[in-house]
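1. what follows is a predicted protein model with its sequence.
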Amino acid sequence: MISILLVEDDQNIVNNLSAFLRTEGFSVYAVPGQESAMKAIQTKHFDLVLLDISLSDGNGFSLCSAIKSESDLPVIFLTASSDEYSTVTGFELGADDYIAKPFRPRELVSRIRNILRLTSGAGAVMQLGDVQVDTVRGTVTRNGTDLCLSALEYRLLLVFLNNRGAVLSRAMLLESIWDIAGEFVNDNTLTVYIKRLRDKLEDDPQDPQLIRTVRGLGYRVD
């Protein structure tokens, strides 16, 4: 799984962005400032850094410079500063991309995947039976054939994969996809999407082996 370090001191942004990125199949570790970011980089593995310019300690420019002096870790700036000076400074320090706030979450995910492709980031391919989910490219294939999942089907599948072995209630599933669906999702709609997923993933959708029903509780992917 692709691991992202989010360096941001606005807790609301941290909470909302972390939740969204996790539904997209990324692992997210958040810190508020330069010192905690460097400690995290030295002790944990990350594939990409999302970095704000204004931090609780230090600043994004000096942190980007420090990161790039020690590694080839891709860095994307997230900032409310959209002036030309900030943009140029970020790129001169080695930033791989720059996106101004407020940004659309789906655009950010697209930029992340593009940077990972360009920098040959580690492939994040998750296996479910004979189904392969590539979270860098955002594709789901079965025996080499693209399953052509819709955006919401894809996100729902990632919720299952990121919670392997856990029983997910319908309420938990609805909560996980509600804010990112871009459309109204109710209990009946969830039933339809689970059926569509099974139709595309299962050998026998009437006897599902991948997305199992736990009677009275919800669903589980082993």
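-> Nice, thanks for sending it over.

2. list the contacts of the closest residue to residue 107 other than its chain neighbours.
-> The shortest distance from residue 107 to any residue that is not its chain neighbour, by C-beta to C-beta, 6 or more residues apart in numbering, is 7.3 Å, and that residue is residue 99. Every C-beta, even on glycine, is put in place using the N, C-alpha and C of the backbone. Under the criterion of C-beta atoms under 8 Å, 6 or more residues apart in numbering, the contact list for residue 99 reads 76, 77, 78, 107, 108, 111.

3. okay, helices next: where are they in this protein?
-> Under the criterion DSSP state H, the chain contains helices at 11-23, 34-43, 60-70, 84-92, 105-118, 151-161, 170-178, 187-201.

4. by mean pLDDT, flag the weakest helix or strand of this structure.
-> Per-element confidence for the chain was summarised using mean pLDDT, DSSP states H and E. The lowest value among helices and strands belongs to helix 84-92, with a mean of 74.

5. let me know the angle separating that one from helix 60-70.
-> In this structure, helix 84-92 runs at an angle of 10 degrees to helix 60-70, with axes from the mean of the first three to the mean of the last three C-alpha atoms, to 10 degrees as the basis.

6. domain ranges for the chain?
-> 3-118, 125-220 (automatic domain parsing).

7. ranking those domains by burial, who's on top?
-> domain 3-118 (a mean of 17; mean count of other C-beta atoms under 10 Å).

8. and it, how far apart are its ends?
-> Taking C-alpha to C-alpha, to the nearest Å, the span from the opening residue of domain 3-118 to its closing residue is 17 Å.

9. next one: it to chain centre, how far?
-> Taking the mean C-alpha point of domain 3-118 and that of its whole chain, the gap between them comes to 13 Å (C-alpha atoms, centre = their mean, to the nearest Å).

10. closest one to residue 131 among the helices of the chain?
-> Closest to residue 131 of the helices of the chain is helix 187-201 (C-beta to C-beta; 5.5 Å).

11. contacts for the closest one, please.
-> 128-129, 131, 142, 147-150, 152-153, 156-157, 170, 173-174, 205, 208, 210-211, 219.

12. again, but for stretch 171-179
-> Applying C-beta under 8 Å, 6+ apart, the set of residues contacting stretch 171-179 is 16, 19-20, 23, 152, 155-156, 159, 168, 185-187, 190, 218-219.

13. for that stretch, C-alpha coordinates in CSV please.
-> These are the backbone C-alpha positions of stretch 171-179, laid out as CSV (Å, rounded to 0.1, in the frame of the first residue of the first chain):
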residue,chain,number,x,y,z
ALA,A,171,-23.7,1.9,8.6
MET,A,172,-19.9,1.8,8.6
LEU,A,173,-19.9,1.4,4.8
LEU,A,174,-22.3,4.2,4.3
GLU,A,175,-20.2,6.5,6.5
SER,A,176,-17.0,5.5,4.7
ILE,A,177,-18.3,6.5,1.2
TRP,A,178,-20.8,9.2,2.0
ASP,A,179,-18.6,12.3,1.7
